[in-house]
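okay, here's the prediction I keep looking at, along with the sequence it came from:
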Amino acid sequence: MKICTDFEFAGEMLSDYGMILCSFDSGGGIETFSSGADITFNQIKPIGSNRFNLYSSTYDTALSATFQICKNPCRLKNQEEMRLSCEEVSAIQRWLCRKDGYKRFKLDKEGYEHVYWNGTFSSKQIVLNDQILGLELTLYTDAPFAFMDEVSAEYECSADTSFNLWDNSDETTDLNNSLRPDMEITILSEGNFKLTNSMDTKSFMLRNCKSGEVITIDGKNQLITSSLSSHNLANDFNYFFPRIINNYNERCNTFTPNLNCKIKITYSPIRKVGI
């Protein structure tokens, strides 16, 4: 298997800066890494019993990882070129250490071609004899697990005709912990629109829709917009955004619209893998 020496962040590669992933630790011991399954289990022992009941489980922290980078020695002529100049450090840290929100991070590693994290970095210099030899990076992500590249599916539906969406996530979800996909719904017949999901107890509803109207849903940020500025969404929307749900035995979400429409669904399945 190829050793991982490169990564992508915000559309740029580490190798674009002449750098590789490395370790300045001379030890060769086994290491452990978080793999998106660091769950805190809350247990309680009933009075008069020696057995503990599991009453809740949570992810208490987002995933983070620390690793080191240095110049790629295969590109250098001599040992002296291994040191980093202040200008090189400045350029790398400007790229990685963002305060303008999370950016997509991907490892250039076999089996991780379609896996990503949303993250940003902090950085420390690794110095020997007053020379900068590398950087120690800490990646901070926005979730306790990874995601797969976005999955998109489009459906053209007649009223009360169902379609199935299979959730390929590693994480089981419930009504309190579910994925909210992005959706684009083109209404093809006028009326009060309703979208139900066989796995859910609630339905998305929007009154007074017009034929040809396009409804856009930002699931992550729970925002809804219409192509018709005259549509008063504040009055007509029931403020419930569609969810994708799966449990250990069932992954199939059966959606049913009550009006003729076209629906595009986009979401990122959850992956529990280490960095």
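Noted; the coordinates are in hand.

what's near enough to touch Ile245?
By C-beta atoms under 8 Å, 6 or more residues apart in numbering, Ile245 lies in contact with Asp167, Thr173, Asp174, Leu175, Ser178, Leu179, Asn197, Met199, Asp200, Asn253. Every residue, glycine included, has its C-beta placed from N, CA and C.

weed out the non-buried ones from those residues.
Asp167, Thr173, Ser178, Leu179, Asn197, Met199, Asp200, Asn253 (16 or more other C-beta atoms under 10 Å).

out of these, who's nearest Gly134?
Nearest to Gly134 among the buried ones among the contacts of Ile245 is Leu179, at 38.0 Å by C-beta to C-beta.

that closest one touches Thr172, doesn't it?
No. Applying C-beta atoms under 8 Å, one finds Leu179 not in contact with Thr172, separated by 11.2 Å.

shaky segments in the chain?
By pLDDT under 70, the low-scoring segments of the chain are 1-2, 25-60.

re the thing from before, take the buried ones among the contacts of Ile245 and keep only those in strands.
Those of these mapping onto strands are Asn197, Asn253, per DSSP state E.

quick one: which of the buried ones among the contacts of Ile245 is nearest Leu223?
Leu179 (15.9 Å).

what number of residues lie near the closest residue to the closest one other than its chain neighbours?
Spatial nearest neighbour of Leu179, chain neighbours left out: Ile244 (4.3 Å); criterion: C-beta to C-beta, 6 or more residues apart in numbering. Using other C-beta atoms under 10 Å as the criterion, Ile244 is surrounded by 23 other residues.

residue contacts, Ile244?
Per C-beta under 8 Å, 6+ apart, neighbours of Ile244: Leu165, Asp167, Thr173, Ser178, Leu179, Arg180, Pro181, Asn197, Met199, Asn253, Tyr267.
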